[in-house]
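Trainee: This is a predicted model, with the sequence first.
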Amino acid sequence: MKLEGVQNNGYADLLWLIAQESEGKVDVRNQKGSSARGLFQLLEMNWHWNPNGEKSFGNATEECQGGIRYIKHSRHRTAARAVEYWKQHRHY
């Protein structure tokens, strides 16, 4: 979070998203045929948000950075808004 300039008040929401998406398992792959991968289950088209793209998978810190970057630069902007969206749509 510090590396990506996220305030500590977003911590619980980020943990919640990780729990829903990957159960906290680093480099987990989607079992339903999707390209989603990692702690935040980024789709292949979003792997570029990871510091080292696909090579970041397996590194928990870099997977978190990628997820945080995706949230910050997507429609959500904050983890709280991503959680809100997830609860309505079962994805974010």
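Mentor: Arrived safely.
Trainee: which residues in the chain form helices?
Mentor: Assigned by DSSP state H, the chain shows helices spanning 11-22, 60-73, 79-89.
Trainee: and those helices, which is most packed in?
Mentor: Highest mean neighbour count among these (mean count of other Cβ atoms under 10 Å): helix 60-73, with a mean of 20. In short, each C-beta sits where N, CA and C put it, glycine included.
Trainee: which secondary structure elements does it contact?
Mentor: Here helix 60-73 touches helix 11-22, helix 79-89, going by 3 or more Cβ pairs under 8 Å, 6 or more residues apart in numbering; DSSP states H and E.
Trainee: With distance to residue 39 and mean pLDDT as new columns, can these be given to me in a markdown table?
Mentor: Formatted as a markdown table, those follow (distance: least, Cβ to Cβ, whole Å; pLDDT from 0 to 100):
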| stretch | distance to residue 39 | mean pLDDT |
| --- | --- | --- |
| helix 11-22 | 5 | 96 |
| helix 79-89 | 13 | 96 |
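Trainee: circling back: output the helices of the chain as a markdown table; include the columns distance to residue 32.
Mentor: Formatted as a markdown table, the helices of the chain follow (distance: least, Cβ to Cβ, whole Å):
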| stretch | distance to residue 32 |
| --- | --- |
| helix 11-22 | 13 |
| helix 60-73 | 19 |
| helix 79-89 | 16 |
